[in-house]
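A.B. asks: from the sequence below, what's the structure:
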Amino acid sequence: MSLLETASIFTAVTTMLTSCFFGKSKSIDPQQIKDTSISVYKIPLKALDGKNTLDLSQYKGKKILIVNTASECGFTPQYKDLQALQDKYKEKLVVIGTPCNQFGGQEPGSSEQIASFCEKNFGVTFPLSEKLEVKGSNQHPLYQWLTQKTKNGALDATVSWNFNKFLINESGQLVGYYPSTVKPFSDELTQAIEK
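C.D. replies: This is a model prediction of the structure:
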């Protein structure tokens, strides 16, 4: 077997495993979204300090990119690009990070440690929620809405690892899911933001 054939097989296997482990992106045509009685804007969400509220309704008219984050993950450098994405599209997009410790225990810090880490290492100024559970029996209502078609009217999804991304349009409809491997400045994500 030639080196080229070996490389080709390796690439195919890696792509398959990445898709199986991290999932595939899903885009939804807003015309296909079913109305539900649950509005994302009414879901209570506390800020990282655990005291203040992140009122999602203040972002009506903008797209919202919700990302489950972690400070000790191989995808953690995406914080830098998420901040750059927020800066570039600030007129039409808000990024909201939702720290989560459910994948490999990669977000063990306190709220203060998370805030300091994000600011010091990546200059993060976009909103961060308190630590959330994004799957399982204690799944936060926001992630119940993001992952259940019966609640969001668009799709069922599974949060498979840190830095999964959910895109909500200006009307509060879920219009896209992007796994960890989709970088913030990927064509598929930036094109969805620019629509």
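A.B. asks: now do the helices in this structure.
C.D. replies: Applying DSSP state H to the chain gives helices spanning 3-22, 78-88, 111-122, 141-147, 149-152, 187-194.
A.B. asks: nearest spatial neighbour of residue 172, skipping sequence neighbours?
C.D. replies: Leaving aside its chain neighbours, residue 172 sits nearest to residue 40 (5.0 Å; criterion: C-beta to C-beta, 6 or more residues apart in numbering). Placement of C-beta: from N, CA and C, glycine included.
A.B. asks: is it true that that neighbour touches residue 141?
C.D. replies: No. Residue 40 is not in contact with residue 141 according to C-beta atoms under 8 Å; the separation is 9.9 Å.
A.B. asks: and for residue 57, the neighbour number?
C.D. replies: 11 (other C-beta atoms under 10 Å).
A.B. asks: same question for residue 166.
C.D. replies: Count around residue 166 with other C-beta under 10 Å applied: 28.
A.B. asks: might you report the residue contacts of it?
C.D. replies: Going by C-beta atoms under 8 Å, 6 or more residues apart in numbering, residue 166 touches 65-67, 146, 157, 174, 176-178.
A.B. asks: picking up where we left off before, out of residue 40 and residue 141, which sits in the more crowded spot?
C.D. replies: residue 40 (25 against 15).
A.B. asks: the helices of the chain: lowest mean pLDDT?
C.D. replies: When these are ranked by mean pLDDT, helix 3-22 comes last with a mean of 48.
A.B. asks: pop out the phi and psi values for residue 162.
C.D. replies: Per-residue torsions, residue 162: phi -70, psi 150 (degrees, to the nearest 10).
A.B. asks: just checking, it touches residue 106?
C.D. replies: Yes. With contacts counted by C-beta under 8 Å, residue 162 reaches residue 106, the gap being 6.0 Å.
A.B. asks: and for those two, which residues touch both?
C.D. replies: 70, 73, 76.
A.B. asks: columns distance to residue 89 on top of those, output as CSV?
C.D. replies: Putting these into CSV (distance: C-beta to C-beta, whole Å) gives the following:
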residue, distance to residue 89
70, 23
73, 24
76, 21
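A.B. asks: please tell me which one of those counts the most neighbours.
C.D. replies: residue 70 (26 neighbours).
A.B. asks: quick check: pLDDT value at that one.
C.D. replies: pLDDT, read off for residue 70, is 97.
A.B. asks: distance of it relative to residue 164?
C.D. replies: 11 Å (C-beta to C-beta, to the nearest Å).
A.B. asks: now do residue 184
C.D. replies: 12 Å.
A.B. asks: out of these two, which sits in the busier spot?
C.D. replies: The neighbour comparison of residue 184 against residue 164 (other C-beta under 10 Å) goes to residue 164, with 29 against 23.
A.B. asks: what sits against the more buried one?
C.D. replies: 23, 67-68, 134, 157, 177-180.
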